[in-house]
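K.L.:
model this:
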Amino acid sequence: MIAEMFISMLLLFALSAMTINNIYHYNEPIGFDYANVWVLEMDFRGGQKDVAYKKQLIELLTSNIKSIPEVLEISNSSSCLPYSQGARMTTLYYKDKRIGNSNFINTDFHYAHALNLKVSEGRWYSVEDIGKKEIPIVINGKLKNVLFGDGSAIGEVIHSGMYKVVGLVDNYKIKGEFSKKSLVFFRMMKPDEFQNMLLVKTESGAGLAFEEQLTTVATSTAKEWTIKVSKLTEHRATSFKITWVPIIIFSSICGFLIINIIFGLFGILLYNINSRKPEIGLRRSVGATTGKIHQQFMGEMLMLTTLGIIPGVIVAVQFPLLKAFEIEPEIFLLAILGSTVVIYLLVLISSFIPSRYAAKTEPAVALHEK
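P.N.:
The predicted model follows:
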């Protein structure tokens, strides 16, 4: 039984940590609007033309899409879209600081408008930045705090003079609602640069008819390329599935195992009570009340449960101490507390009926069986 409690503790702890972590991060602002945004993914391998031709074709494609009445904005960017599971990372340098795992996204001047990014300080880069010595970048709040602390980031030059910070967006969670805040900066594309992704911001209500028109315009303009049209809400739904489906599967397995353990405890306690009827009868005959008998068996179950939970807690506490899985320590502590409370409740429920049965045993009947 102690071993079963130990296993149950670890299973519930893992499930609780994953669930609480997702809920915790879901309540944080993501920093962009995903509604009414369409995504065009362009595969250039179908055409063998040179770079200048591909850039010219993207400009023509952008112009043709802008002519559709429902389109409000269009932006060319790298494939690191919101809700994408992949990322492009680099290491940034600033004075004596070396910041690894910084996500960077190459974009044009229209990206902020397409996703409704809120620039809290400074500005988004524009055509006025073309030709300047440093490449203008916009950073998110977490990267700003790591690089500059409480100081201002606007106008600072980083990475050995390569980048100049011109703007700040407080929040931008590239992997969506359930991800933790990451280090992100947006880099202005050079005039001769282009990427394989177009974001199309539309009026609300653009549906199937618009999708068909967008697909027709795109495929007729760039006949040599393979173009996939989707909505950013579809990428969001896929991200949600990737996040929750493993948790649902794991919770189903945990639930099945724990239910079997609880039924096993129920059977063990009933067997224990039946084998100890003489003891129960003797206690009743010397004045023990039904409440005392009930408390005895409930207390024994709780004591055994505690002996199984203690090593489970010791193992679980190692995760926040080792800073495992990049999960905040308070989430681990909540998971330990929650799983402990759930196990005690389940044990109390499973032991209530057998303990009540023991308490109602008549002394004469119990002593007669001896």
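
K.L.:
Show residues contacting the lengthiest strand in the chain.
P.N.:
Longest among the strand segments of the chain by residue count, using DSSP state E, is strand 97-107. Residues from elsewhere that reach strand 97-107 (C-beta atoms under 8 Å, 6 or more residues apart in numbering): 75-78, 80, 87-93, 111, 143, 146-147, 174, 182-189, 193, 195. (Each C-beta comes from the backbone N, C-alpha and C, glycine too.)

K.L.:
for it, what is the average pLDDT?
P.N.:
In this model, strand 97-107 carries a mean pLDDT of 91.

K.L.:
how distant is the next helix or strand after that strand from the center of its chain?
P.N.:
Sequence-wise, the next helix or strand downstream of strand 97-107 (DSSP states H and E) is helix 111-115. A distance of 23 Å separates the centroid of the chain from that of helix 111-115, by C-alpha atoms, centre = their mean, to the nearest Å.

K.L.:
and residue 302, that one's in a helix?
P.N.:
Yes - checked against DSSP: H, G, I helix; E, B strand; the rest coil, residue 302 lies within a helix.

K.L.:
Could you report the separation of the nearest residue to it once chain neighbours are set aside from residue 163?
P.N.:
Leaving out its chain neighbours, the residue that sits closest to residue 302 by C-beta to C-beta, 6 or more residues apart in numbering is residue 347, at 6.6 Å. Residue 347 sits at a distance of 58 Å from residue 163 (criterion: C-beta to C-beta, to the nearest Å).

K.L.:
Looking at these two, which one has more neighbours?
P.N.:
The neighbour count for residue 347 versus residue 163, taken as other C-beta atoms under 10 Å, is higher for residue 347 (25 against 22).

K.L.:
Might one say that the more buried one is in contact with residue 301?
P.N.:
Yes - contact criterion C-beta atoms under 8 Å: residue 347 and residue 301 qualify, at 5.6 Å.

K.L.:
Mutual contacts of these two, please.
P.N.:
residue 265.

K.L.:
Tell me where the chain has strands.
P.N.:
37-43, 71-77, 89-94, 97-107, 119-122, 135-140, 157-158, 163-169, 184-188, 197-202, 226-231.

K.L.:
Nearest to residue 335 among those would be which one?
P.N.:
In terms of C-beta to C-beta, the element of the strands of the chain nearest to residue 335 is strand 97-107, at 24.9 Å.

K.L.:
buried ones in the closest one?
P.N.:
Within strand 97-107, the residues scored as buried using 16 or more other C-beta atoms under 10 Å are 99, 102-107.

K.L.:
for stretch 201-208, same thing?
P.N.:
Here stretch 201-208 shows 201-202, 206 as buried, counting by 16+ other C-beta under 10 Å.
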